[in-house]
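J.: coordinates only, sequence not included:
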C-alpha cells in the first residue's frame, strides 16, 4: 500500500472532522477516502477514527498515530522539494544596497549546495508578499531582532567624518533659524514598527519636530539630502560606504536592521539547515550584517 497516501487521507479527515470535507480538500471522491482510511486501519491493526455527535474524531490509536503522520508528510514534502530543486532554478529576493560583487559569494554558496540561484532585488513588502503567496524561492524579509537570522546596527550616515556618536539634539533648529532644518531619514527597508516607532520617540525626546523625521525615504533622496543639507540617513555601514558617506552610531538609539530567511514552497530545499547556513554565511558580509546571536 502507499502508506503516505493513506496517512494523508487519515490526517485530512481528522483536520476536517469529516470524510466529505476531507475528500473535497484532497480532490478525490468520498468513497476513495473511506477506502484509504479503512485500508490504513487494517494495516495498523485497529480503528483510527470514530464518528460522534461532533463529527469524526480519532481513537486513542488514531491520536497516537496522528503526529507521526503529520511528521511523515512534512518530511516527504521536504524530500520532494530537495529532489526537484537540485539543479533547478531557485530565486532569492534580497534588499538593495549590496553590490553585485558583494553578492557573488551568495551564488557560489548556492552552487556548492546544488542550487542554481537567481538573485532578485525587491522592496521589503514585495519580498514578504512573494513568500506569503507561496510563489516559490527564498526571500530575506524584515522581522523583529528576536526572530532574525541576520542583524546589524543602524547608524548615522553623514557627509562629513566626525568622531564619536551622533546626538540627535544636534539636529534641532536653533532659535531664530529661518532656513530648512536638518532632517533624519529612515528608509523604506526600515519602515517597521520595531524601528520606526523607536526612532520617532527618540527623536521627539531629543527635541526634533515630527516634520524632521522623514520615514520611507528612497536611498537616492536620502543621500542627496545628506549631501545638500547635511541631513542624517539611518543606514548600515555598508550602505553608507556604498555612497561614500561617513558612518557612526547614534547615541541612545540602539535600533537594528534584522532579517529572516523566509522559504516559499518552491524554495523548500533551502530550508535545510546546511543550505540555510551556507546562504546566510554569504549574505551576512554582503549586506554588512551578522548572524543573530553572534558575539
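T.: Alright, I've got the coordinates. Because the structure is a prediction, the values reported are computed rather than measured.

J.: give me every residue that touches residue 34.
T.: Contact analysis of residue 34 by Cβ atoms under 8 Å, 6 or more residues apart in numbering lists residue 19. C-beta here means a position set from N, CA and C on the backbone, and glycine is covered the same way.

J.: start and end of stretch 169-186, how far apart?
T.: One end of stretch 169-186 sits 17 Å from the other (Cα to Cα, to the nearest Å).

J.: pull out the buried positions in it.
T.: Residues 171-172, 182-186 are the ones in stretch 169-186 that count as buried (16 or more other Cβ atoms under 10 Å).

J.: and for stretch 64-74?
T.: 65-66, 69.

J.: out of those, the closest to residue 59 would be?
T.: The closest of those to residue 59 turns out to be residue 65 (Cβ to Cβ; 9.4 Å).

J.: can you give me the helices for this protein?
T.: Taking DSSP state H to define them, one finds helices in the chain at 3-16, 19-26, 30-44, 60-85, 100-112, 124-132, 193-205, 219-229, 237-242, 273-287.

J.: so residue 186 makes contact with residue 196?
T.: Yes - here residue 186 reaches residue 196: they are 6.3 Å apart, a contact under Cβ atoms under 8 Å.

J.: residue 168: neighbouring residues, count only.
T.: Around residue 168 there are 24 other residues, counting by other Cβ atoms under 10 Å.

J.: from residue 102, how far off is the closest residue to it other than its chain neighbours?
T.: Using Cβ to Cβ, 6 or more residues apart in numbering and skipping residues adjacent in sequence, the residue nearest residue 168 is residue 206, 3.7 Å away. Here the criterion is Cβ to Cβ, to the nearest Å. By it, residue 206 lies 33 Å from residue 102.

J.: quick one: low-confidence parts of the chain?
T.: 1, 78, 80-89, 132-136, 176, 265-272, 294-295 (pLDDT under 70).

J.: work out which residue lies at the spatial centre of it.
T.: residue 141 (3.1 Å; Cα atoms, centre = their mean).

J.: wait, isn't it in contact with residue 259?
T.: Yes - here residue 141 lies in contact with residue 259, judged by Cβ under 8 Å, at a distance of 6.4 Å.

J.: identify the contacts common to those two.
T.: Between them, residue 141 and residue 259 share no contacting residue, judged by Cβ under 8 Å, 6+ apart.

J.: ok, how many other residues are close to residue 111?
T.: Neighbour tally, residue 111, other Cβ under 10 Å: 11.

J.: with adjacent residues omitted, what lies nearest to it?
T.: Residue 111's closest residue in space is residue 117 (Cβ to Cβ, 6+ apart), at 7.2 Å.

J.: now do the same contact list for the one you found.
T.: Contacts of residue 117 (Cβ under 8 Å, 6+ apart): 89-92, 106-107, 110-111.

J.: now distance to residue 219 too, for the residues you listed, in TSV please.
T.: Formatted as TSV, these follow (distance: Cβ to Cβ, whole Å):
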residue	distance to residue 219
89	28
90	27
91	23
92	20
106	20
107	23
110	26
111	29
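
J.: quick one: buried ones out of these?
T.: With neighbours counted using 16+ other Cβ under 10 Å, those contain these buried positions: 90-92, 106-107, 110.

J.: ok, so of those residues, who is nearest residue 137?
T.: Scanning the buried ones among the contacts of residue 117 for proximity to residue 137, where the rule is Cβ to Cβ, the winner is residue 91, at 3.5 Å.

J.: does the closest one touch residue 120 like I think?
T.: Yes - counting by Cβ under 8 Å, residue 120 is a contact partner of residue 91 at 5.6 Å.

J.: what touches both of the two?
T.: Taking Cβ under 8 Å, 6+ apart as the criterion, residue 91 and residue 120 do not both touch any residue.

J.: rewinding a little: turn the buried ones among the contacts of residue 117 into CSV, including distance to residue 214.
T.: Putting the buried ones among the contacts of residue 117 into CSV (distance: Cβ to Cβ, whole Å) gives the following:
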residue, distance to residue 214
90, 36
91, 32
92, 30
106, 31
107, 35
110, 36
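
J.: which of these sits closest to residue 200?
T.: residue 92 (32.0 Å).

J.: quick one: the closest one from residue 102, how far?
T.: Relative to residue 102, and taking Cβ to Cβ, residue 92 is found at 14 Å.

J.: same question, residue 249
T.: 22 Å.

J.: equivalent analysis for residue 45, please.
T.: Taken as Cβ to Cβ, the span from residue 45 to residue 102 is 59 Å.
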